[in-house]
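Q: sequence and computational prediction follow.
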Amino acid sequence: MIPKEPTGVTIVDGVPRETFVINLGPQHPATHGVLRVKLTMDGEYIVRAEPVCGYIHRMQEKMGENRTYAQFLPNTSRIDYLSAMTYTHAFVGVVERALKIQVPPRAEYIRVITSELNRISSHLVWWGAFLLDLGGFTPLLYAFDDREKILDLLEGITGARLTYCYYRFGGLCNDVDDQFLQGTREFITLMRSRLKMYRELVTGNIIFRKRVEEVGTISVETCRKYGASGPVIRGSGVPYDVRRAEPYSAYPEFDFEIPIRSECDSMARYLVRMEEMVQSLRIIEQALDKLPAGPVMADKVPRVLKLPAGDYCYAVEAARGRFLVRIVSDGKEIPYRVKLRTPCLSNLSLFEEASQGMLLADALALMGSLDLVIPDIDR
Amino acid sequence: MNLSSPNPGNNGAPAPAVPARAVTPAAAPAAPALPPGRPASAPAAPPPPPPPVPTALAALPVPFQGADFALKGFHADATVAPGEVVAAAAALDQAGFALDTITGVDWLAQGQMEVVYDYFHPVTGLRAVVRARAPRENPEFPTISKVFPGANWHERETRDFFDIHFTGQSNLTPFLLPEDATYHPLRKDFTS
């Protein structure tokens, strides 16, 4: 398809206006997956950057409509594979909400611990990959070293290292063991010293700061009009966090802050995520201290799940922002409609507007700071 | 630029005073009885009165009905005619809401196609749902992408999956499906 003639954008004065079209992706290391961006360039400057999605579309929503709730549950951890815990949390949450299943407190606490561990492991991948985009290879090795410890911990209790299916309708698959609790405490201590090292190694680095400060500004209004959420909207100064806005699970019982930055640039989003890891550690520590005894599975969860007719929503704060499951039920065993609202789709949709007139290299830094997971967009 | 005030995006217009805490979900148990003549939305046998519409939404020119957040996951729900979705979007935009998502539901038995617009408020955390139905043979809705540019992708996706047309939508290339796709997989009469 021939792209449209760009509407008169002259970025560099005195240079004849001549644009060309190049393709970024779908196989490009900077897009972190199978994303294609059709770029109309004026020299090194972007006139128009149009993301082209759907290369790994799997029609998850259709799969949701032709199998039972329990059969679809493992699919939800394959949408954003770096944030699988929170995604399964939303799906079990919507069923529990509709059937009014009371989840035991111990299960809710363990859900919070595992979700926050998952958030840290997801942010670590982003941290390494983002800096890799900017030309620093070493941080990735540190990040994966730390992430490995989380994966080991979670593997011990869930049996999986990435696509967890640990939450069940009404509780958890199994209880945690002492090895996990002890290991998580050790990890908190370790991670705090590592975060200090990360700050010293990267955050103050002048080369890094020149690449991200005052670059890739996204205004609050843009965030709102495109429905951006997660660290993207918080990096634009809005303390929007589903854990506070629509409290779920045991989150109201913990004391934590919602980090925000008002600079709106790539650095702001970077700093928000770095601070989020600190806050996640705080939540995990409190949950371990207060972890109640008791069962991890609700009594009398029906074997056959039939949601009363109607529609139900459940939102969670995933590592990349607001993930919402909307179920329309007609009272049968199989959902009538499953809608998966994913944060990356909304966060990427503002890219075309935000990247206009930017240097290509800066736009890639902006894209890295959005923390995209492509299967999350394509579903 | 200042979204930390309770009513963002409401440039200069007198804003309905919304105390941010007034909208805490699960504040539903003491729902006062609704004025007579308002249909209850719950289909259960003795329909419990729906909770009141949050003040910020009751002030808008959209026929919202309260919903039990603890059960439904949203605070208010409105059914409008297809022609009114843009006005509803503009009113919610004025009140500082952000676009959450847009999706379709194919009601094969009723011969209707429904479009559901989800909104969330980035400051107060309110959740609002606007829905509209059109005949299934030729479902047409005006695009709300002039109000919320982010609607563009959601509408294209809904068009891919349901063959619902959004008039005024400039980009008609498939979003997630292959560019030569002639099928609409989420229509209930779809066969592969």
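A: It's in. Since we're looking at a predicted model, the values are computed, not measured.

Q: the longest helix along chain A near chain B anywhere?
A: Counting residues, the longest helix found in chain A (DSSP state H) is helix A:105-133. No - for helix A:105-133, no contact with chain B is found by Cβ under 8 Å from any Cβ of the partner chain; the gap never falls below 15.0 Å. (C-beta placed from N, C-alpha, C; glycine too.)

Q: after that helix comes which helix or strand?
A: Sequence-wise, the next helix or strand downstream of helix A:105-133 (DSSP states H and E) is helix A:138-158.

Q: parallel or antiparallel, which strands does whichever helix or strand comes after that next one pair with?
A: Sequence-wise, the next helix or strand downstream of helix A:138-158 (DSSP H and E) is strand A:167-168. When sheet partners are counted by DSSP bridges, strand A:167-168 sits next to strand A:171-172 (antiparallel).

Q: chain center to the partner strand, what's the gap?
A: Relative to the centre of its chain, strand A:171-172 is centred 22 Å away, using Cα atoms, centre = their mean, to the nearest Å.

Q: then stretch A:352-371?
A: On Cα atoms, centre = their mean, the centre of stretch A:352-371 falls 18 Å from the chain's centre.

Q: near chain B at all, that stretch?
A: Yes - using Cβ under 8 Å from any Cβ, we find that stretch A:352-371 touches chain B at A:E353.

Q: distance between the ends of that stretch?
A: Stretch A:352-371 has its terminal residues 16 Å apart, counting by Cα to Cα, to the nearest Å.

Q: stretch A:96-115 now?
A: 18 Å.

Q: now stretch A:23-35
A: In stretch A:23-35, first residue to last residue: 11 Å (Cα to Cα).

Q: what does stretch A:99-109 give?
A: Separation of the first and last residues of stretch A:99-109 by Cα to Cα is 21 Å.

Q: same question for stretch A:326-342.
A: Using Cα to Cα, the gap from the first to the last residue of stretch A:326-342 comes to 11 Å.

Q: could you count how many residues lie near A:F256?
A: By other Cβ atoms under 10 Å in any protein chain shown, 18 other residues sit near A:F256.

Q: now swap in A:D371 and tell me
A: 28.

Q: phi, psi of it?
A: phi 60, psi 70 (degrees, to the nearest 10).

Q: could you do the one 5 residues further on as well?
A: Summarising the backbone geometry of A:D376 under the convention degrees, to the nearest 10, its torsions are phi -70, psi -30.

Q: residue contacts, it?
A: A:79-80, A:320, A:342-345 (Cβ atoms under 8 Å, 6 or more residues apart in numbering or on different chains).

Q: from those residues, which ones fall inside helices?
A: In helices, defined here by DSSP H, the members of those are A:343-345.

Q: past the longest helix along chain B, which element shows up next along the chain?
A: Secondary structure of chain B per DSSP H: the longest helix is helix B:151-162. Beyond helix B:151-162 in the direction of the C-terminus, DSSP H and E gives the next helix or strand as strand B:165-167.

Q: pLDDT on that next one, on average?
A: Mean pLDDT, strand B:165-167: 89.

Q: list the buried ones in the one helix or strand in chain B whose mean pLDDT sits lowest?
A: Least confident helix or strand, chain B: helix B:55-58 with a mean of 80, by mean pLDDT, DSSP states H and E. Buried residues in helix B:55-58, counted by 16 or more other Cβ atoms under 10 Å in any protein chain shown: B:56-57.

Q: still on that earlier bit, quick one: contacts of the longest helix of chain B?
A: So helix B:151-162 is contacted by A:53, A:61, A:345, A:349, B:89, B:99, B:101-104, B:106, B:113, B:115, B:139, B:143-145, B:164-166, B:169-177, B:181, B:184-187 (Cβ under 8 Å, 6+ apart).

Q: switch the contacts of A:D376 over to TSV; also include neighbour count.
A: Shown next, in TSV, are the contacts of A:D376 (neighbours: other Cβ atoms under 10 Å in any protein chain shown):
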residue	neighbour count
A:I79	26
A:D80	26
A:R320	29
A:T342	25
A:P343	31
A:C344	29
A:L345	25
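
Q: out of these, which are close to chain B?
A: Among these, proximity to chain B is found for A:L345 (Cβ under 8 Å from any Cβ).

Q: from the contacts of A:D376, which single one is nearest chain B?
A: Closest to chain B out of the contacts of A:D376 is A:L345 (6.4 Å), distances taken as Cβ to the nearest Cβ.

Q: residues in contact with that closest one?
A: By Cβ under 8 Å, 6+ apart, the contact set of A:L345 is A:53, A:376-377, B:153.

Q: so A:K290 touches A:Y109, yeah?
A: Yes - counting by Cβ atoms under 8 Å, A:K290 does reach A:Y109; the two are 7.1 Å apart.

Q: who has more neighbours, those two?
A: Under the criterion of other Cβ under 10 Å, the comparison of A:K290 against A:Y109 puts A:Y109 first, with 23 against 12.

Q: gap between that one and chain B?
A: Counting by Cβ to the nearest Cβ, to the nearest Å, the separation of A:Y109 from chain B is 19 Å.

Q: need the contact list for that residue.
A: With contact taken as Cβ under 8 Å, 6+ apart, A:Y109 is in contact with A:250, A:287, A:290-292.

Q: A:V21: what secondary structure?
A: What DSSP: H, G, I helix; E, B strand; the rest coil gives for A:V21 is strand.

Q: how about the strands in chain A?
A: Using DSSP state E, the strands assigned to chain A run over residues A:20-24, A:36-42, A:45-52, A:167-168, A:171-172, A:310-318, A:321-329, A:337-341.

Q: one more: chain B?
A: Along chain B, counting by DSSP E, strands occupy B:64-66, B:76-80, B:98-107, B:112-120, B:127-135, B:140-142, B:165-167.
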